[in-house]
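Student: I need the structure of the sequence given here:
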Amino acid sequence: MSRPQLSDDRTGLHRRPTGPLRRWRAVLVLASLLGLATAPTTALARPFVDRSPTSISDSADTAISASDGGAGDFSSVDASAPSSSTTAANPAAPAPTPAAASPVTTVSAASSSSTCTLGAKLVPTCGLLWGAAPAAFSSEARATTLAAYEADQGRPLDVYHGYHVNDQPFPNASERAIALDPAKPRLLLLNWRPAMDMTWAQAAAGGADARIDAEARVLKAFPAKVFVAIWAEGEHFVKPTAGSGMTATDYRDMSRHVISRLKAGGATNAVFVQIFQGYPAYAVQPWWPSMYPGDDVIDWIACDSYNSGNASGYGAGDFSLLVNRVKGSWQGWYHWATTQHPTKPLMLAEWGIWYQSASPARMATFYDQVRTQLPQYPRIKAMLYFNTANHPKGTTAIDTNSASLAAYRRLTASIPRVDLSNR
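Tutor: Predicted coordinates for the structure are as follows:
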């Protein structure tokens with residue numbers, strides 16, 4: 001099956017996609033040059049690279065990559081494209097408003113009187129886990145960006161989101177410090193693509209076993225439970241042609257193999273999360289159901305989804321549309337997960353809204369809609385915001401303007417604190 005050309009939403013031009021493994025080799029080379037591949041404490045300060053869709057062409061969803069985690073969850077930019085050709089689809093966002101513009105009292109973990117606690121598989125007994133990737137695409141120290149984000153939202157995170165590939169051990173030193181902070185304990189969600197240098201079929205056959213076993217030892221030694229996602233948003237990389245080594249069933253087999261081997265290696269403290277894209281054009285593909293690794297190895301089911309920030313069009317709308325984008329027979333991620341996997345807790349592993357200068361009030365309005373509509377989706381037990389002011393697309397930063405920051409603080413204040421002491 002040949003791959004069609006798709007419009008690159010960041011440039012307005014057509015480009016011929018290259019193979020995902022080739023792109024990721026380029027990422028690893030770049031990481032090596034920047035010193036990221038050999039510095040575990042700062043590994044992938046910028047999360048994954050390249051997730052504009054390359055295997056699906058859908059005129060009804062016209063080049064909507066930049067508004068939807070289903071086409072690119074914006075933990076990255078396209079490393080295969082020269083920086084000079086990557087221009088923001090949005091006009092420059094305004095300078096962030098200082099947190100002091102809307103003061104809020106920070107609630108420390110020690111002073112929280114919440115009765116919500118962690119149950120089996122890190123599922124909160126009430127409320128939900130509130131997390132973030134605090135400063136995606138930032139080269140600043142993790143501790144610095146985390147402190148700034150928590151000050152902005154008015155309370156500590158429950159879950160910190162990090163990203164790793166291949167031989168990068170995790171949790172790394174900075175993630176360990178974040179999670180094991182005695183004053184502000186936090187959980188970790190760590191995304192791992194363990195075999196960017198081979199096909200899924202090769203990894204399923206044992207090609208990555210040495211690094212899987214090494215990672216199992218690292219996880220086993222970590223003194224707390226940790227969320228682990230194996231190859232988030234795999235839909236983008238699927239090559240349906242039999243024998244490609246990258247079919248949907250190859251993905252399933254790879255994921256099952258990695259999880260089973262990690263468990264066999266002693267990583268019994270890992271809680272496994274399956275992260276899908278929020279792009280319905282993938283979900284209606286005949287191969288999509290074959291990707292799911294199975295309820296016996298997956299503990300949580302997650303989705304990455306974004307609001308465009310526009311007043312209308314694809315990716316616009318309210319929170320309900322973010323969790324349930326309908327296409328044909330596909331009734332949305334939340335509907336699918338709750339009907340097909342009724343025992344699994346659900347997570348928005350990445351979510352956000354893009355600032356648009358044509359509708360600058362949309363961010364605040366959307367955060368307020370999340371606050372009022374969230375009770376309609378009780379199976380969502382964790383939400384992790386994807387906060388970036390440095391993406392070519394623009395910004396999802398919660399402090400983009402004073403109204404957005406105030407609304408996000410209202411949203412955060414409405415989420416009950418969870419006691420993480422038994423993690």
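
Student: For the strand or helix carrying residue 177, name the packing helices and strands.
Tutor: For residue 177, the host element (DSSP states H and E) is helix 173-179. Other elements packing on helix 173-179 under the criterion 3 or more C-beta pairs under 8 Å, 6 or more residues apart in numbering; DSSP states H and E are helix 142-153, strand 159-165, strand 187-193. (C-beta placed from N, C-alpha, C; glycine too.)

Student: between those, which one is nearest to residue 378?
Tutor: Across the helices and strands packed on helix 173-179, residue 378 has its closest neighbour in strand 159-165 (18.5 Å, C-beta to C-beta).

Student: So which bits of that closest one are buried?
Tutor: 159-165 (16 or more other C-beta atoms under 10 Å).

Student: which one of the helices and strands packed on helix 173-179 lies closest to residue 246?
Tutor: strand 187-193 (12.7 Å).

Student: Grab the CA positions of that closest one and hand them over as CSV.
Tutor: Provided in CSV are the C-alpha atoms of strand 187-193 (Å, rounded to 0.1, in the frame of the first residue of the first chain):
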residue,chain,number,x,y,z
LEU,A,187,3.8,9.7,39.9
LEU,A,188,5.5,9.3,36.6
LEU,A,189,4.1,8.5,33.2
LEU,A,190,7.1,7.4,31.0
ASN,A,191,6.6,6.9,27.3
TRP,A,192,9.1,4.4,25.9
ARG,A,193,9.7,3.5,22.2
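
Student: And the helix or strand following it, what does it pack against?
Tutor: Going down the chain from strand 187-193, the next helix or strand is helix 200-202, by DSSP H and E. Helices and strands touching helix 200-202, as assessed by 3+ C-beta pairs under 8 Å, 6+ apart, comprise helix 248-264.

Student: Now for the residue lying closest to residue 359 once chain neighbours are set aside: which residues touch it?
Tutor: Among residues not flanking residue 359 along the chain, residue 311 sits closest, at 4.8 Å (C-beta to C-beta, 6 or more residues apart in numbering). Counting by C-beta atoms under 8 Å, 6 or more residues apart in numbering, residue 311 touches 358-359, 362.

Student: Please flag which of those sit within helices.
Tutor: Residues of the contacts of residue 311 located in helices (DSSP state H): residue 362.

Student: List buried residues within the contacts of residue 311.
Tutor: Buried, going by 16+ other C-beta under 10 Å: residue 362, out of the contacts of residue 311.

Student: before we move on, back to that, from the buried residues of strand 159-165, which is closest to residue 377?
Tutor: residue 159 (17.6 Å).

Student: In contact with that closest one, which residues?
Tutor: Counted by C-beta under 8 Å, 6+ apart, residue 159 has contacts 129-132, 186-189, 227, 382, 384.

Student: Could you report the distance from it to residue 342?
Tutor: 23 Å (C-beta to C-beta, to the nearest Å).

Student: show me where pLDDT drops low in this protein?
Tutor: 1-114 (pLDDT under 70).

Student: The closest residue to residue 388 other than its chain neighbours and residue 322: what is the separation?
Tutor: Among residues not flanking residue 388 along the chain, residue 136 sits closest, at 4.0 Å (C-beta to C-beta, 6+ apart). As judged by C-beta to C-beta, residue 136 and residue 322 stand 18 Å apart.

Student: same check, this time on residue 351
Tutor: Counting by C-beta to C-beta - residue 351 and residue 322 are separated by 7 Å.

Student: Compare the two (neighbour count), which wins?
Tutor: Using other C-beta atoms under 10 Å, the more surrounded residue of residue 351 and residue 322 is residue 322, with 29 against 24.

Student: packing partners for the one helix or strand the more buried one maps to?
Tutor: Secondary structure assigned from DSSP H and E places residue 322 in helix 319-323. Under the contact criterion of 3+ C-beta pairs under 8 Å, 6+ apart, helix 319-323 touches strand 300-307, helix 362-373.

Student: now for the first one, which elements pack on it?
Tutor: If I follow you right, that is strand 300-307. Under the contact criterion of 3+ C-beta pairs under 8 Å, 6+ apart, strand 300-307 touches strand 270-277, helix 319-323, helix 333-340, strand 346-353, strand 380-386.

Student: Can you give the strand pairings for it, parallel or anti for each?
Tutor: Strand 300-307 sits in its sheet next to strand 270-277 (parallel), strand 346-353 (parallel), going by DSSP bridges.

Student: ok, residue 317 - contacts?
Tutor: With contacts defined as C-beta under 8 Å, 6+ apart, the neighbours of residue 317 are residue 307.

Student: Doesn't it belong to a strand?
Tutor: No. Per DSSP: H, G, I helix; E, B strand; the rest coil, residue 317 lies outside any strand segment and is coil.

Student: Could you give the number of residues near the closest residue to residue 256 other than its chain neighbours?
Tutor: Nearest non-adjacent residue to residue 256, counting by C-beta to C-beta, 6+ apart: residue 293, 4.9 Å away. Per other C-beta under 10 Å, the neighbour tally for residue 293 reads 21.

Student: Please apply the same query to residue 120.
Tutor: Residue 120: 8 neighbours (other C-beta under 10 Å).

Student: Residue 274 now?
Tutor: The number of residues near residue 274, taken as other C-beta under 10 Å, comes to 28.

Student: same thing with residue 173?
Tutor: Neighbour number of residue 173 under other C-beta under 10 Å is 14.

Student: can you check residue 194 too?
Tutor: Residue 194 has 26 nearby residues by other C-beta under 10 Å.

Student: what's the spatially closest residue to it that is not a sequence neighbour sitting at in phi/psi?
Tutor: With C-beta to C-beta, 6+ apart as the criterion, residue 194 has its nearest non-adjacent residue at 5.3 Å, and that residue is residue 208. The phi/psi pair for residue 208 (degrees, to the nearest 10) reads phi -110, psi 20.

Student: Would you agree residue 208 is in contact with residue 195?
Tutor: Yes. If you go by C-beta atoms under 8 Å, residue 208 and residue 195 touch, sitting 4.3 Å apart.

Student: follow-up on the earlier one: need the contacts of residue 159 in a markdown table (columns: distance to residue 116 and neighbour count).
Tutor: Formatted as a markdown table, those follow (distance: C-beta to C-beta, whole Å; neighbours: other C-beta atoms under 10 Å):
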| residue | distance to residue 116 | neighbour count |
| --- | --- | --- |
| 129 | 9 | 26 |
| 130 | 11 | 23 |
| 131 | 14 | 23 |
| 132 | 18 | 25 |
| 186 | 15 | 22 |
| 187 | 13 | 24 |
| 188 | 19 | 23 |
| 189 | 18 | 29 |
| 227 | 17 | 27 |
| 382 | 12 | 25 |
| 384 | 17 | 26 |
